[in-house]
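sequence? don't have it. structure:
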Ligand code: ZN
């Protein structure tokens with residue numbers, strides 16, 4: 001079902017400072033930036049092999065990333081797995097008794113279709129499932 005780690009999402013307070021640190025410090029380079037209004041975030045993607053780091057800065061204190069940073073500080077927010085089909089992956093998760101955040105896929109960055117599985121079902125890690133749009 002899972003093909004690879006698509007990206008690791010890291011919540012940051014200051015996107016520009018974070019992009020600088022990850023590029024100047026670690027030698028990664030940003031190849032894509034996107035604002036996802038639905039999630040109230042600005043994102044920057046930095047490829048690492050066949051995966052990416054996704055840096056996320058909240059546009060609003062009441063968005064999911066804003067709340068996360070307020071409560072837990074900066075850090076790893078989620079891991080995203082690429083799947084062939086988000087709907088069937090969600091059905092498999094539900095069948096296995098995992099708590100879903102999304103019952104239906106929604107639009108994510110890069111024009112992909114994404115859905116989240118609740119961290120309480122996966123040892124405290126928020127998992128994003130992502131599918132390339134046909
Ligand atoms: Zn993500």
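On my side now, so go ahead. Because the structure is a prediction, the values reported are computed rather than measured. Residues are numbered from 1 along each chain as shown.

Give me the mean pLDDT for the helix or strand hosting residue 82.
For residue 82, the host element (DSSP states H and E) is strand 75-83. Taken as a whole, strand 75-83 has an average pLDDT of 97.

Run me through the strand neighbours of that strand, direction for each.
Applying DSSP bridges, strand 75-83 is found paired with strand 2-12 (antiparallel), strand 126-131 (parallel).

Pick the most buried one from these.
strand 126-131 (a mean of 22; mean count of other C-beta atoms under 10 Å). Every C-beta, even on glycine, is put in place using the N, C-alpha and C of the backbone.

chain center to it, what's the gap?
Relative to its chain's centre, strand 126-131 lies at 7 Å (C-alpha atoms, centre = their mean, to the nearest Å).

Repeat that for stretch 98-118.
On C-alpha atoms, centre = their mean, the centre of stretch 98-118 falls 10 Å from that of its chain.

And the contacts of it?
32, 34, 36, 38, 43, 45, 54, 78, 80, 86-87, 89-90, 93-94, 120-122, 126-133 (C-beta atoms under 8 Å, 6 or more residues apart in numbering).
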